[in-house]
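Sharing a sequence plus its predicted fold:
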Amino acid sequence: MVILKIILDKHQFYGACGEYRFVILVPYIFFDYREPGRFRNGCGKFQAMRYARCPCIFYTIVRITEGEVEMKTRRRNLYWSLMIAVMLLATGLPVCEASNSPIDVNNQTLDDITNQITNSMKALDLEVNEGYFQMWGADECLPTFELMGSCFFNNPAAPYILPVLPYWSEEFVDPATKDVFGVTREGYGTTYRFDQNEAIIIFGNLPPQAHYFGIQSYTFTREGNYETDNESYAFLSSIGVQDVFFHEIPLNPKRIGYINSLSNSTNNVVIEQQSGSSWEQLRYFVITPDEHLDTEIRQALTGLGVDANEIFTEGIPENVRLGLNENADDFTTVLRYSMPIDGGGDGSASFAWRHNPTLRVLRVRDTSPDYPRQTYPAWVPESPEERTAVSEAYLSEDLTKLVFAVAQAWDQACSDLGCSDRYRSFIDLQTSPLNLLGPKCAEIGMDCLGDSQDASYGFCPGITLDDGEVWAAIGTLGTETGNAVYVGLGVNNFSLRLGAKNIDYTMLEGSAMPYDNGDISNLDKFFVYYFARDCSDIEAWTHGYCAEVEDSPLVLPAGDRATLTERDYIVPGTRRGPASTLLLPSRAIKLVRP
């Protein structure tokens with residue numbers, strides 16, 4: 001193995017140390033040095049792949065030590081590399097294959113692009129393995145519930161798409177959570193440990209246009225205990241649901257449920273703002289706890305002709321437990337795709353994409369010794385992007401009058417104009433005392449159940465339907481108040497922790513208009529929707545705005561209690577969901593069937 005020693009310009013690398021990577025080009029041999037300011041604390045590792053047209057010829061590792069560089073050839077002996085290159089040039093043969101030629105979006109298949117990216121990652125001397133994707137939703141709930149005792153209150157409007165990653169050879173796989181989101185191929189999983197020097201690369205054509213698309217990673221389980229001396233636990237205990245958010249893993253009680261966000265999601269608005277467009281476009285996503293590795297991957301991708309604006313990074317924060325051992329945190333990554341414009345029915349383009357997404361996923365890592373890590377900042381309660389909303393305070397009086405009008409229409413008038421004896425307010429999940437925000441949950445060992453800052457969440461527990469009850473949900477409609485691009489009103493099966501039914505905003509529009517008595521303003525900004533076991537004989541009272549809640553295992557079996565939920569996604573013109581403190585909580589009122 002050839003060892004060269006080169007004296008560096010002290011002004012260029014003064015005080016530098018550590019390991020640097022370069023590519024020597026043949027026939028043009030040069031180094032692309034960068035100023036020490038590029039490296040944290042004057043140390044770091046750099047791959048000049050964007051300048052490498054022939055990385056198969058010669059590859060080096062450079063170690064900086066007090067003004068000297070020790071370069072050890074990794075790919076080829078320097079002497080023989082130069083001789084071979086000269087011979088190839090003399091005979092007119094190509095010096096290297098075109099594996100790193102620019103990506104041609106118009107003329108290359110996704111498999112071709114995958115091969116190019118894989119070769120570029122291997123040229124970085126990274127270990128590379130490919131995974132695949134699978135879908136999980138209400139239909140897949142029962143096996144998940146048998147394993148975990150929960151279906152995590154999924155969004156019934158959007159089955160989830162999860163990358164299924166190949167395990168590293170030394171990675172611990174917890175049998176207590178293996179196949180939690182469905183059976184996977186041997187050696188693969190939808191939950192994973194995170195090596196400190198690795199990255200997940202997801203790329204491909206995004207789906208047809210919809211109301212929402214987002215990708216976000218979460219911790220999944222953590223070794224340890226949850227805390228009970230806090231306002232969240234006290235409040236949840238007072239309504240009897242503390243075990244939903246504070247719980248151990250059934251088959252591994254040394255670990256707790258911990259599905260907590262680690263970043264602001266990369267959603268369709270974020271993608272459009274950075275790259276100009278999103279739907280059906282080729283885009284690239286890097287998920288990694290190491291900022292330096294992200295830089296290397298980005299340089300490799302831009303070296304293939306990828307526009308830097310088309311690459312999106314989710315940095316895994318430093319305040320998680322990385323590693324492949326049993327004591328490390330478990331992670332998962334989720335893709336949400338909600339309310340496609342084409343309706344999402346069987347035979348539609350969105351249906352095809354959801355069941356066979358045009359995406360690829362690679363799991364890569366650097367196993368070189370003395371790898372100089374660059375961590376991302378901790379994810380703390382102040383980290384999420386600030387959210388805003390159009391204040392709905394001006395609608396408060398109209399909401400109160402509407403609740404009274406609904407009860408009066410059923411000849412079940414309230415004892416006072418405020419109906420304070422009849423209605424239940426939806427509970428805001430994201431503010432005190434629940435505080436369902438990833439970094440807040442993490443502080444007390446609480447399970448945030450896959451929180452997202454892209455929506456506001458309200459819920460109303462304790463709904464019964466087996467004695468002829470009819471429930472009316474009454475509230476502001478975010479798509480009309482300027483606070484949402486889509487709204488979902490749902491029914492959850494509380495026993496399974498399952499999102500069972502969804503009523504989208506298009507079915508809520510105009511539902512408050514029948515209560516126009518001349519005294520209520522802004523009725524176009526409200527909804528009134530009913531839930532019952534049987535809606536057929538109450539249409540005169542519901543005006544057709546009624547959903548039947550079936551007695552079935554995956555909806556609401558007899559004797560079980562339901563929870564009503566409301567999701568308001570993305571304030572138009574912003575990247576995030578509405579600030580829930582500016583919204584009026586919806587109300588639920590129980591009515592007796594006539």
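Good, I have the coordinates. Numbers count the residues shown, from 1 in each chain.

what sits against the residue lying closest to residue 580 once chain neighbours are set aside?
The shortest distance from residue 580 to any non-neighbouring residue, by Cβ to Cβ, 6 or more residues apart in numbering, is to residue 456 (4.2 Å). Backbone N, C-alpha and C define where each C-beta goes, glycine included. Contact analysis of residue 456 by Cβ atoms under 8 Å, 6 or more residues apart in numbering lists 389, 428, 430, 483, 567-568, 577-580, 583.

try it again with 6 Å
568, 577-578, 580 (Cβ atoms under 6 Å, 6 or more residues apart in numbering).

next one: residue 427
Neighbour list for residue 427: residue 459 [criterion: Cβ under 6 Å, 6+ apart].

Quick check: beta-bridge partners of it?
residue 459 (DSSP bridges).

From residue 312, how far out is it?
33 Å (Cβ to Cβ, to the nearest Å).

any idea which of the contacts of residue 456 is closest to residue 376?
Closest approach to residue 376 among these (Cβ to Cβ): residue 577, at 23.1 Å.

how many neighbours does the nearest residue to that closest one once chain neighbours are set aside have?
Sequence neighbours aside, residue 455 is the residue nearest to residue 577 in space, at 4.1 Å (criterion: Cβ to Cβ, 6+ apart). Using other Cβ atoms under 10 Å, residue 455 has 27 other residues around it.

And for residue 143?
15.

Just give the closest residue to it, not the sequence neighbours.
Among residues not flanking residue 143 along the chain, residue 182 sits closest, at 7.1 Å (Cβ to Cβ, 6+ apart).

And residue 222, by the same measure?
residue 258 (4.3 Å).

my guess is the one you found contacts residue 223, does it?
No: counting by Cβ atoms under 6 Å, residue 258 stays clear of residue 223, with 9.5 Å between them.

Same drill for these two, tell me which one is more crowded.
More neighbours surround residue 258 than the other of residue 258 and residue 223, with 26 against 16 (other Cβ under 10 Å).

Contacts only, for the more buried one.
Residue 258 makes contacts with 219, 221-222, 447, as judged by Cβ under 6 Å, 6+ apart.

didn't the residue nearest to residue 143 look like it was pressed against residue 140?
Yes: at 5.4 Å, residue 182 counts as touching residue 140 under the criterion of Cβ under 6 Å.

Give me the more crowded residue out of these two.
Counting neighbours by other Cβ under 10 Å for residue 182 and for residue 140 shows that residue 140 has the greater number, 18 against 14.

For that one, which residues are in contact?
residue 182.

nearest residue to the residue nearest to the spatial centre of the chain other than its sequence neighbours?
Closest to where the C-alpha atoms of the chain average out (Cα atoms, centre = their mean) is residue 216, at 1.7 Å. Spatially, and ignoring its direct neighbours in sequence, residue 216 is nearest to residue 265 (3.9 Å; Cβ to Cβ, 6+ apart).

Whichever of the contacts of residue 258 end up buried, select them in ChimeraX.
Buried members of the contacts of residue 258, defined by 16 or more other Cβ atoms under 10 Å, are picked up in ChimeraX with:
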select :219,221,222,447
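
Spell out the residue ranges of the strands in the stretch 301-450 of the chain.
311-315, 330-340, 359-365, 423-425, 427-428 (DSSP state E, counting those that start in this stretch).

Now do the second one and strand 359-365, the angle between them.
Direction vectors for strand 330-340 and strand 359-365, defined by axes from the mean of the first three to the mean of the last three Cα atoms, to 10 degrees, enclose an angle of 160 degrees.

Export the contacts of residue 258 as CSV, with columns for pLDDT, secondary structure and distance to residue 495.
Shown next, in CSV, are the contacts of residue 258 (pLDDT from 0 to 100; DSSP: H, G, I helix; E, B strand; the rest coil; distance: Cβ to Cβ, whole Å):
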residue, pLDDT, secondary structure, distance to residue 495
219, 98, strand, 25
221, 98, strand, 22
222, 98, strand, 25
447, 98, coil, 17
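
Kindly indicate which of the contacts of residue 258 lies nearest residue 494.
Proximity of the contacts of residue 258 to residue 494 (Cβ to Cβ) peaks at residue 447, which lies at 15.4 Å.

any idea which helix or strand carries the residue nearest to residue 580?
Using DSSP states H and E, residue 456 falls within strand 455-463.

What residues sit buried inside the helix or strand just after that strand?
Per DSSP H and E, strand 455-463 leads on to strand 469-476 as the next helix or strand towards the C-terminus. Within strand 469-476, the residues that count as buried by 16+ other Cβ under 10 Å are 470-476.

any chance you could read off phi and psi for residue 271?
phi -60, psi -40 (degrees, to the nearest 10).

What of the one 3 residues further on?
According to degrees, to the nearest 10, the main-chain angles of residue 274 amount to phi -80, psi -40.

hang on, the earlier thing: how much space separates the residue nearest to residue 580 from residue 389?
Distance of residue 456 to residue 389, given as Cβ to Cβ: 8 Å.

can you check residue 511 too?
22 Å.

likewise residue 191?
Residue 191 is 34 Å from residue 389, by Cβ to Cβ.

do the same with residue 199
Counting by Cβ to Cβ, the gap from residue 199 to residue 389 is 35 Å.

Of those two, which one has the most company?
Remark: of residue 199 and residue 389, residue 199 carries more neighbours, 25 against 22, as counted by other Cβ under 10 Å.

Sweet, I'm off.
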